[in-house]
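**Q** Pasted the sequence and its predicted model underneath.
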Amino acid sequence: MNRVMLSDPEFATVASLLHEAAGLSFDDSRRDSLSFSITERMRATNSPDVESYLAVLSGPDGSVERQALLDEVTIPETHFFRNPPQIRALRKYVLPELLRQAADGKRLRIWSAGCSTGEEAYSIAILVRELLPPAVEWDVKILATDVSTRALSAANAGHYGERSFVMTDPLDLARWFVLDATTGTYVVRDEVRSLVEFRHHNLVTDGPPFEAAEVDLILCRNVTIYFDRETTRRLMKRLHSRLRDGGYLFLGHAETLWQISDDFSLVSLGDAFVYRRLTEEPDDRRRVLPDRRTENEPRPTRADRRRGDADRRGSGGSRRREEVPRLPRLVTPAMPPTPTVVPVVPTRDPLDAVRSALREGRYAEAADIAAEVAAATPLWAEAHYLQGVALTNLGRDADALIVLRKSVYLDHEHGFAHFLLGGALDRLGERVAAARSYRAAAGTLGARPLDGVASELGGRSVAELAALCMELAHRADAANPTEAGTP
Ligand SMILES: C[S@@+](CC[C@H](N)C(=O)[O-])C[C@H]1O[C@@H](n2cnc3c(N)ncnc32)[C@H](O)[C@@H]1O
């Protein structure tokens, strides 16, 4: 079937139906994308033309087909640990604070509203698990909801390919996921999965799935970008009513409550900006900034919406751009010092740009700049190492091997490079070499101050990394029993 292009009346009919069904707003810039979706559904329902398809939508099985159309038009774009500044804020401030506040009742309620295929909810579960191991008895529930049954079924399956891990620290991947060798996908570990419940829920037409003032933290990120202002306003009222006093609301980078709701305050946490339902406690008031969002702050633009459509069509679009906070920086976070091995140090460190791209999850850019620096100063181990960090984060293990080998050749004591090299070898199935690199990593890391931090490896301490390296070396040995213990 050839692709149809919706006429004006057809476009108006479908757009109005989707607005009513899920609050989705389609202006003319999305006609192309909507026409694509309708063509797909016409094919699936054997409808010879748009008119017949519209008849299916309003026929006896209309509700089934409306759901199928919603599955088709909604944009599931997501990945683990999306929006690094927010992830840092959750890890460092929000979750520790919520757990402290809930210490008496030991009960925590989190809502991932518009969770898509589940990466957001599982990321939060991982952050919770870092603070609350399974042995600790708490009543924690992360309810993850979405209007797309297709996305929810992927979320429940919990199998993820490389694309979902563009922002994932290799250490988190090793710790919280299991590789399914038959499919080559990663499966979320049970201790993480057990915290999350997925449920079908329409944010626009269904009643909220929580009691009033029950929820500690709501993430509703990159959902309202497709809603009009009035729909967003109504949704924010409902979310506000479910949050307890002092509870947090996380929106996406292009979403704002400016001129939408006065019920929240904008809070600056490190390099993230999040919303909070204000409490009357003086301590809280000191930490809460007045809402500083102004006219120069971005409303979702047509380009943002088109970018979502492009992502959905698999073009990749400019996904990396979205992770760059666009607000004025009110607080400069103190970043942990990066351990450096520097034989030749130019006056202005050209690797700073690489480090900041890594911190913000712009891995492709980080890899490009590091490659340039490495080409100009080929004996600088750190340049090769940082290129390796970027490449492993991009899932390019074979390329990472080359630069990480250069790095450890130039600096035998570079524990972090040995560690990354071990991981890349491990994933490429070279277990013996991997075990050797992990052991070299544990040995060389041990020579560093144990409370030092590797900011580009997720801010983990040297002590943690060294212990992990020994465990990974044993695991790699176990996979090659005859070779175990070879130097
Ligand atoms: C781009 S994804 C965002 C996923 C995740 N929150 C993130 O930021 O990575 C947007 C999700 O919102 C969901 N959505 C759109 N309209 C919705 C509605 N009315 N009710 C519930 N979910 C909705 C879509 O199905 C889609 O999975």
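**A** That came through fine.

**Q** how about the residues of the stretch 251-400 of the chain near the ligand?
**A** If contacts are counted using CB under 6 Å from any ligand atom, the residues of the stretch 251-400 of the chain sitting beside the ligand are residue 252. Heads up, the C-betas are built off the backbone N, CA and C, glycines and all.

**Q** can you tell me which residues contact whichever residue of the stretch 251-400 of the chain sits closest to the ligand?
**A** The nearest approach of the stretch 251-400 of the chain to the ligand comes at residue 252, 5.6 Å away (CB to the nearest ligand atom). Listed by CB atoms under 8 Å, 6 or more residues apart in numbering, the contact partners of residue 252 are 83, 221, 222, 223, 224, 225, 322.

**Q** Let me see the confidence value for it.
**A** According to the model's per-residue confidence, residue 252 sits at a pLDDT of 87.

**Q** coming back round to it: can I get the contacts of residue 252 in CSV with neighbour count?
**A** Below are the contacts of residue 252 laid out as CSV (neighbours: other CB atoms under 10 Å):
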residue, neighbour count
83, 27
221, 24
222, 24
223, 23
224, 28
225, 22
322, 21
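
**Q** Restricted to helices, list the residues you listed.
**A** Using DSSP state H, the subset of those located in helices is empty.

**Q** Return the member of those residues nearest to residue 112.
**A** Of all the contacts of residue 252, the one sitting nearest residue 112 is residue 221; the distance, using CB to CB, is 8.6 Å.

**Q** Residue 140 sits in which helix or strand?
**A** Residue 140 is located in strand 139-146, with elements delineated by DSSP states H and E.

**Q** Once you drop chain neighbours, what's closest to the spatially most central residue of the chain?
**A** When the chain is reduced to its mean C-alpha position, the closest residue under CA atoms, centre = their mean turns out to be residue 82, at 2.1 Å. Take residue 82 and drop its neighbours on the chain: the residue closest to it by CB to CB, 6 or more residues apart in numbering is residue 167, 6.1 Å away.

**Q** Quick one: residues contacting that neighbour.
**A** Contacts of residue 167 were listed using CB under 8 Å, 6+ apart, and they are 79, 80, 81, 82, 84, 87, 323, 361, 393.

**Q** re earlier: residues in contact with the helix or strand that the strand holding residue 140 is followed by: which ones?
**A** For strand 139-146, the succeeding helix or strand toward the C-terminus, using DSSP H and E, is helix 149-157. By CB under 8 Å, 6+ apart, the surrounding residues in contact with helix 149-157 are 67, 71, 74, 76, 115-118, 121, 144, 146, 198-200.

**Q** Of these, just the buried ones, ChimeraX syntax please.
**A** The following ChimeraX selection, which keeps only the buried ones among the contacts of helix 149-157, applies the criterion 16 or more other CB atoms under 10 Å:
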select :67,71,74,76,115,116,117,118,121,144,146,198
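
**Q** want to try CSV for the contacts of helix 149-157, with secondary structure, distance to residue 416 and pLDDT as columns?
**A** Shown next, in CSV, are the contacts of helix 149-157 (DSSP: H, G, I helix; E, B strand; the rest coil; distance: CB to CB, whole Å; pLDDT from 0 to 100):
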residue, secondary structure, distance to residue 416, pLDDT
67, helix, 48, 97
71, helix, 43, 97
74, coil, 40, 95
76, coil, 34, 92
115, coil, 34, 98
116, coil, 33, 97
117, coil, 32, 97
118, coil, 31, 98
121, helix, 30, 98
144, strand, 34, 98
146, strand, 38, 98
198, strand, 37, 98
199, strand, 41, 98
200, strand, 44, 98
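
**Q** overlap between the contacts of helix 149-157 and the residues near the ligand?
**A** Within the set of these, contact with the ligand (CB under 6 Å from any ligand atom) is found for 74, 76, 115, 116, 146.

**Q** pretty sure the third one is in contact with residue 144, am I right?
**A** In this case it means residue 115. Yes: counting by CB atoms under 8 Å, residue 115 does reach residue 144; the two are 3.7 Å apart.

**Q** re earlier: between which two of the ones next to the ligand among the contacts of helix 149-157 is the distance greatest?
**A** 74 and 115 (11.7 Å).

**Q** intersection of neighbour lists for these two?
**A** With CB under 8 Å, 6+ apart as the test, residue 74 and residue 115 both reach 146, 151.

**Q** Next, residue 137: phi, psi?
**A** Torsion angles at residue 137 (phi, psi; degrees, to the nearest 10) stand at phi -90, psi 100.

**Q** going forward, begin numbering at 4 instead of 1
**A** Got it, first residue is 4 now, which makes that one residue 140.

**Q** That one touches residue 109, doesn't it?
**A** Yes: shown here, residue 140 and residue 109 form a contact pair, counting by CB under 8 Å, at 6.9 Å.

**Q** more crowded one of these two?
**A** When neighbours are counted by other CB atoms under 10 Å, residue 140 and residue 109 differ, and residue 109 comes out ahead with 13 against 8.

**Q** List the contacts of that one.
**A** 140, 141, 142.

**Q** Closest one of those residues to residue 187?
**A** Using CB to CB, residue 141 is the member of those that lies nearest residue 187, at 34.4 Å.

**Q** Columns pLDDT on top of the contacts of residue 170, output as JSON lines?
**A** As requested, the contacts of residue 170 are arranged in JSON lines below (pLDDT from 0 to 100):
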{"residue": "82", "pLDDT": "92"}
{"residue": "83", "pLDDT": "95"}
{"residue": "84", "pLDDT": "93"}
{"residue": "85", "pLDDT": "90"}
{"residue": "87", "pLDDT": "85"}
{"residue": "90", "pLDDT": "93"}
{"residue": "326", "pLDDT": "36"}
{"residue": "364", "pLDDT": "72"}
{"residue": "396", "pLDDT": "81"}
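
**Q** Check these for burial and list the buried ones.
**A** For the contacts of residue 170, burial is judged from neighbour counts taken by 16+ other CB under 10 Å, and it is met by 82, 83, 84, 85, 87, 90, 326, 364, 396.

**Q** Apart from its chain neighbours, what residue comes closest to the first one?
**A** Spatial nearest neighbour of residue 82, excluding adjacent residues (CB to CB, 6+ apart): residue 167 at 4.9 Å.

**Q** mind checking the SS state of that neighbour?
**A** Of the three states, residue 167 takes helix under DSSP: H, G, I helix; E, B strand; the rest coil.

**Q** Count residues in the vicinity of it, would you?
**A** A count of nearby residues for residue 167, using other CB under 10 Å, gives 23.

**Q** residues in contact with it?
**A** Counted by CB under 8 Å, 6+ apart, residue 167 has contacts 81, 82, 83, 120, 122, 189.

**Q** Next up, the contacts around the fourth one.
**A** Okay, so that is residue 120. Applying CB under 8 Å, 6+ apart to residue 120 gives the contacts 79, 81, 154, 157, 158, 163, 167.

**Q** Ramachandran angles for it?
**A** Note on residue 120: its backbone torsions stand at phi -90, psi 10 [degrees, to the nearest 10].

**Q** From residue 403, how far out is the nearest residue to it once chain neighbours are set aside?
**A** Using CB to CB, 6+ apart and skipping residues adjacent in sequence, the residue nearest residue 120 is residue 157, 4.2 Å away. In this view, residue 157 and residue 403 are 28 Å apart by CB to CB, to the nearest Å.
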